[in-house]
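Student: Here is the input, now give the coordinates:
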Amino acid sequence: MKIELKKIQENPEILEILATESQEIIITKNAQPIYKLTKINQPSSKRRHRGSAKGLITISNDFDEPLPEFAEYM
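Tutor: Below you'll find the predicted structure:
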């Protein structure tokens, strides 16, 4: 949604109306974009719990062993 800065200065309430209707508002001055307002996505309200990823991640037994590619540097 594009809107001229003069319209916002004349009627500031229009900005709130546009913000609820659109994900992005581009404010222009003399037909040139000068500001871009975007909606902030609210973070998920799900709370994380300890152990909630149990079983989803596996670490191999040789995780901390040196990599063969680095043998010459050791």
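
Student: separation between the residue nearest to Glu24 when sequence neighbours are not counted and Glu16?
Tutor: In space, and not counting its chain neighbours, Glu24 is closest to Thr38: 5.2 Å by Cβ to Cβ, 6 or more residues apart in numbering. Just so you know, the C-beta spots here come from the backbone N, C-alpha and C atoms, and that holds for glycine as well. Thr38 sits 15 Å away from Glu16, going by Cβ to Cβ, to the nearest Å.

Student: same check, this time on Ile8
Tutor: For Ile8, the distance to Glu16 (Cβ to Cβ) stands at 10 Å.

Student: Wait, Thr28 touches Ile34, no?
Tutor: Yes - here Thr28 lies in contact with Ile34, judged by Cβ atoms under 8 Å, at a distance of 6.4 Å.

Student: list residues touching both of the two?
Tutor: Here Thr28 and Ile34 share the contacting residues Leu5, scored by Cβ atoms under 8 Å, 6 or more residues apart in numbering.

Student: Among the two, which residue is more densely surrounded?
Tutor: The residue with more neighbours, out of Thr28 and Ile34, is Thr28; 15 against 10, by other Cβ atoms under 10 Å.

Student: Read off the pLDDT value for that one.
Tutor: pLDDT recorded at Thr28 is 96.

Student: Just the buried positions in the helix or strand that contains it, please.
Tutor: Take DSSP states H and E as the rule and Thr28 turns out to sit in strand 24-29. Neighbour-count burial for strand 24-29, with 16 or more other Cβ atoms under 10 Å as criterion, is recorded at 25, 27.

Student: pLDDT-wise, which helix or strand of the chain ranks last?
Tutor: Here the helix or strand of the chain ranked lowest by mean pLDDT, DSSP states H and E is helix 13-21, holding a mean of 88.
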